[in-house]
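1. Sequence first, predicted coordinates after that:
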Amino acid sequence: MKRSSRLALAVLCLALAGASAVLYARDVAGRREVLAFAREWGFDVRRPAYFEQISYEPSADTAAGLMADAAVTDEVRPVRWTDLDEMERAAWMDALAQRDEMLKAAHALALSAVAANPGLAFHTWRAGELAYLGERRRGAAALMASRAKWLVPLRHATRLAPGFDGSWQFLAGAFVETWPVLPEDVRAEGKGVLERAFLDPDFARRVFVPAATELGVAEAMALVPDVPGPLAAAQAQVAEGNATAAAALRARWEKAEAKARAEDLAALEVRARMRDEDGLRAGCRSFVGAHPPRELDGAVGQRQAARVLALWPHDRGGSWRGDGRAELLRYFLDGRGEGLDRAAVRRATEALSDVPETERARLALLAGDRYGWERAVRESKTVGSLEWTTFFAELARAELAEGRADEAAEALGRIAPRARGECAVLLAQREWAEAAGDEGAVADVERELAVVRSAPTRPEAWSTAWSLPLCVDPKADGDAGLRIAFAAAAPALVAWEVNGGRRGTLLVGPEGASLDVPLAGLQGVVVVSLPLLAGPRPGLASAERTDAAAAAPNTRPLSTPPRDRVAVAR
């Protein structure tokens, strides 16, 4: 290497070393300023976790941003005085007495962080927050007079990091708080900011009501995006006072939820084709968590749930109480077992621990696993008790479907005597009698079924939670329904459910409303429930079975009630 080149390299190294020394000295000085701020305002006593973190921050500007965050936390989060010791209480009393001065010093500290690293959105966001919080303590006039002081940095933070929710949410909250005094051009901007912030369900839950108070309910609703989480959060907030608004939000939620389910299932299919086991497993768990199958019940929802169960990698165990596969299996056991992938049911059951013995036997039967259910029956010490009624009724029907009449008779004979007059048992007995060609036995069962089906449905027969069990005979009730009439003094939003699955919703007004619950495709004990979603509970004027001619649609639900073919055996 030539002498001149070596000399140039040495000069460059010296220059870099000098620059490093300067930067290090600045960083040390900056950290001293941050430590001085923290001690001056008692953060070393009041918030020691923040204080200890200063030395671990990668640079002085991030340390300054950390303490700016501590100052914001001081202002916006309450303190549990009962959890404080004497020294901490004294420090808090001093801090409260000088809150204005502290916020001003914290704002200056945040601005120093912005100057040191102007491209970091967190610094700009904290500077805007502290400016707003400090001016808010001086009143609305001060907030408006110094609007640029907080609006410009907050707006800039949303542009620097458009995917960061914190800056959008604080700016949206600031707009809502100052809405009455905002000029029209800023209000137009504020609506866009609110729409973006409402993507977070938690923010929608906290801020929808204040936003509706300032903007009006209709305009606030229009700003909630068509995403299930925010729509559900907004609906919950208006549920008590505005059933009409809740009904409109519910209708939008159903469409958004249906779209989200289809998109998420399509993403799972892609993961399956890519053989991404980890991604597929996480996606299936997320699907069940985000889209509980009972929340949007119906033919489409049942097919989607069955497909998720089939896609789910069953290489890892889970518990009956907490695993998403268990939630799907319980959903299918409740009268939705037709068309399932038997192998998927078997894999899921084998992967779960603590499955109750009757459910394990029913799942083995659903999976076509004869050895599995025979083993469950053989090892159980409670066979013959009432809790086994459903299993043996289902077993009898399954044996008849396979042409094994003797085995079906044996299954029926193992049902507890006290349960032999139950709806599902009588239906299975009739199938056996028909298969045996015993017309007398068929007639006897028909008479018993008629008595069970004649159980009252009038309003007094419903539970206090508005739930009613019905005995549904697929032959007698094939095209029938349950007609329910409501009376209300004020608008109310009522959902209707079949066996715990939500099928639709109905807005009941002062003029009253009626609902027809179709019984087509159902059999056995069918539980119809009417949970209240919004408004005061209406009155239940009447409820009666209808025949095919009288069961024409006479509802005003928000979504078309699905007329699904679902088999129920209880």
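-> Ah, there it is.

2. Scan the helices and strands of this protein for the one with the lowest mean pLDDT.
-> The helix or strand of the chain with the poorest confidence is helix 3-40; it has a mean of 76 (mean pLDDT, DSSP states H and E).

3. can you give me the helices for the stretch 301-450 of the chain?
-> For the stretch 301-450 of the chain, applying DSSP state H, counting those that start in this stretch gives helices covering 324-333, 342-351, 357-366, 370-379, 389-401, 405-413, 423-436, 439-453.

4. re earlier: mind giving me the packing neighbours of the helix or strand that the least confident helix or strand of the chain is followed by?
-> Downstream of helix 3-40, the next assigned helix or strand under DSSP states H and E is helix 43-46. If you count contacts as 3 or more Cβ pairs under 8 Å, 6 or more residues apart in numbering; DSSP states H and E, helix 43-46 packs onto helix 48-53, helix 60-76, helix 86-97. For the C-beta atoms, the positions are set from N, CA and C on the backbone; glycine is no exception.

5. one more time with 7 Å, if that's ok
-> Packed against helix 43-46 by the contact rule (3 or more Cβ pairs under 7 Å, 6 or more residues apart in numbering; DSSP states H and E) you find helix 48-53, helix 86-97.

6. pLDDT of it, averaged?
-> In this model, helix 43-46 carries a mean pLDDT of 93.

7. Of all the helices of the stretch 301-450 of the chain, which one comes closest to Arg252?
-> Ranking the helices of the stretch 301-450 of the chain by proximity to Arg252 (Cβ to Cβ) places helix 324-333 first, at 24.7 Å.

8. Relative to Ala68, which of the helices of the stretch 301-450 of the chain is closest?
-> Evaluated with Cβ to Cβ, the helices of the stretch 301-450 of the chain place helix 324-333 nearest to Ala68, the distance being 40.8 Å.

9. what inclination does the helix or strand where Thr505 lies have with respect to helix 324-333?
-> Element membership of Thr505, judged by DSSP H and E, is strand 501-508. Between strand 501-508 and helix 324-333, the angle comes out at 70 degrees (axes from the mean of the first three to the mean of the last three Cα atoms, to 10 degrees).

10. buried sites along strand 501-508?
-> Residues of strand 501-508 classed as buried: Gly501, Arg502, Arg503, Gly504, Thr505, Leu506, Leu507, Val508 (neighbour count, 16 or more other Cβ atoms under 10 Å).

11. Report all helices and strands that that strand contacts.
-> helix 243-273, strand 492-498.

12. quick one: average pLDDT of that strand?
-> Averaging pLDDT along strand 501-508 yields 96.

13. elements contacting the helix or strand that comes right after it?
-> The C-terminal neighbour of strand 501-508 among helices and strands, as given by DSSP H and E, is strand 513-518. With contacts taken as 3+ Cβ pairs under 7 Å, 6+ apart, strand 513-518 sits against strand 481-487, strand 492-498.

14. Listing partners with orientation, what would you give for strand 513-518?
-> Strand 513-518 has the following strand partners under DSSP bridges: strand 481-487 (antiparallel).

15. contact partners of the partner strand?
-> Contacting residues not belonging to strand 481-487 are listed as 457, 470, 494, 508, 512-519, 528, 538-546, 551 [Cβ atoms under 7 Å, 6 or more residues apart in numbering].

16. Pull out the buried members of those.
-> Buried among these by 16+ other Cβ under 10 Å: 457, 470, 494, 508, 513, 515-519, 528, 538, 540, 543, 545-546, 551.

17. Is it possible to get CSV of the buried residues of strand 501-508 that adds distance to Ala204?
-> CSV is the format used below for the buried residues of strand 501-508 (distance: Cβ to Cβ, whole Å):
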residue, distance to Ala204
Gly501, 26
Arg502, 21
Arg503, 26
Gly504, 24
Thr505, 20
Leu506, 25
Leu507, 22
Val508, 26
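
18. before we move on, back to that, check the helices and strands packed on strand 513-518 for me and report the most buried one.
-> Greatest average neighbour count among those goes to strand 492-498 (a mean of 24), per mean count of other Cβ atoms under 10 Å.

19. Appreciated, that's everything.
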